[in-house]
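Trainee: Only the shape, not the letters, is given here:
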């Protein structure tokens, strides 16, 4: 059965006003359109609802019985829809966001704080995990969306770039390259490197850039967290290429940062499942993260 809400509302209007023309005036339809709606409704349910004479419109016995039930159902539907609208307007609920350690430690704290201040009715839960797990969590629906490094291949994701994060060189202050104002990628040739492992979204980009400049290097350690990388560098076993979001360096670490030339940026993106809508609360947090990235890391 294919009965529309419009047909039911037209039927109730005619039943109330006992006139096709008056019902049309009230609901904003022409008299022919009202007649067509009633005819389609009667044909669909297979019973005659109205008797029309030259002077008036009367409900049949079946029409009289239907008026009360239709009115009650439409009232219930309106109440349900209004409740859904209220949820959207109030923007309540729990929002789960996943991001990798460098993003979690630097961009997301400000986002969590602003969300608590401006949207206390939203519970923002942060999942701090490596890029591979972040993308997996987005695709399985474990989280509403992720803040990730450009995955380069993301057919199942809808992404939006919110900032660019340059790579830089982290090294002991006593290292010869620390004497330079900036370091060219080619100058990393024959160096010993301590790098993030392949669970990080940054590692493939670092490998690509080193290869582009023909750099020959030795990876002495591959690690999952920037803090661990810094600890390794303090021992003097090597130097590292890291994203700017990994900063600041630990105090009294004996480490320093130098820009790499030419500048190479990783794209930081918001990512959700393609063709899946966010809840109203998640839309608020999505926009908030975008705005905080713009404010904290302009240009």
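Mentor: Received, thanks. Quick caveat, the model's predicted, so the values are computed rather than measured. Numbers count the residues shown, from 1 in each chain.

Trainee: Pull the residues that contact whichever helix or strand residue 208 is part of.
Mentor: Residue 208 belongs to helix 203-212 when assigned by DSSP states H and E. Helix 203-212 has contacts (Cβ atoms under 8 Å, 6 or more residues apart in numbering) with 149-150, 152, 167, 185, 188, 195-198, 217, 241, 264, 266. C-beta: built from backbone N, CA, C; applies to glycine.

Trainee: Tell me the buried residues in that helix?
Mentor: Of the residues in helix 203-212, 203-206, 209-210 count as buried by neighbour count, 16 or more other Cβ atoms under 10 Å.

Trainee: What helices and strands are in contact with the helix or strand that that helix is followed by?
Mentor: The first helix or strand that comes after helix 203-212 along the chain, using DSSP H and E, is strand 218-223. For strand 218-223, the helices and strands in contact under the criterion 3 or more Cβ pairs under 8 Å, 6 or more residues apart in numbering; DSSP states H and E are strand 192-196, helix 226-234.

Trainee: so where is this structure shaky, pLDDT-wise?
Mentor: The chain contains residues with pLDDT under 70 at 1, 54, 83-91, 299.

Trainee: What segments of it are strands?
Mentor: Using DSSP state E, the strands assigned to the chain run over residues 50-52, 57-59, 93-99, 122-128, 145-149, 157-172, 183-184, 192-196, 218-223, 240-243, 255-261, 265-273.

Trainee: how about those strands in JSON lines, adding mean neighbour count?
Mentor: Shown next, in JSON lines, are these (neighbours: other Cβ atoms under 10 Å):
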{"stretch": "strand 50-52", "mean neighbour count": "15"}
{"stretch": "strand 57-59", "mean neighbour count": "16"}
{"stretch": "strand 93-99", "mean neighbour count": "22"}
{"stretch": "strand 122-128", "mean neighbour count": "17"}
{"stretch": "strand 145-149", "mean neighbour count": "27"}
{"stretch": "strand 157-172", "mean neighbour count": "18"}
{"stretch": "strand 183-184", "mean neighbour count": "17"}
{"stretch": "strand 192-196", "mean neighbour count": "22"}
{"stretch": "strand 218-223", "mean neighbour count": "14"}
{"stretch": "strand 240-243", "mean neighbour count": "26"}
{"stretch": "strand 255-261", "mean neighbour count": "17"}
{"stretch": "strand 265-273", "mean neighbour count": "20"}
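
Trainee: ok so, going back, farthest-apart pair in the contacts of helix 203-212, please.
Mentor: 150 and 217 (23.2 Å; Cβ to Cβ).

Trainee: out of the strands of the chain, which comes closest to residue 2?
Mentor: Among the strands of the chain, strand 50-52 sits nearest to residue 2 (Cβ to Cβ), with 19.8 Å.

Trainee: which helices and strands does the closest one pack with?
Mentor: strand 57-59.

Trainee: Neighbouring strands - and their directions - for the strand it packs on?
Mentor: Sheet pairing of strand 57-59 (DSSP bridges) gives strand 50-52 (antiparallel).

Trainee: so how far is the strand it pairs with off the chain centroid?
Mentor: Computed by Cα atoms, centre = their mean, to the nearest Å, the chain-centroid distance of strand 50-52 equals 54 Å.

Trainee: OK, contacts around residue 146?
Mentor: So residue 146 contacts 97-99, 134-135, 137-138, 270-272 (Cβ under 8 Å, 6+ apart).

Trainee: now do 10 Å
Mentor: The contact partners of residue 146, by Cβ atoms under 10 Å, 6 or more residues apart in numbering, come to 96-100, 103, 127, 129, 131, 133-139, 157, 159, 269-273.

Trainee: can you check residue 17 too?
Mentor: 23-27, 57.

Trainee: switch to 8 Å and redo it
Mentor: 23, 26.

Trainee: Give me the distance between it and residue 5.
Mentor: Applying Cβ to Cβ, to the nearest Å, the value for residue 17 to residue 5 is 19 Å.

Trainee: Over to residue 116?
Mentor: Look at residue 116 and residue 5: by Cβ to Cβ, they are 40 Å apart.

Trainee: Domain-wise, how is this protein divided?
Mentor: The record's domain parsing of the chain by automatic domain parsing lists 5-89, 93-299.
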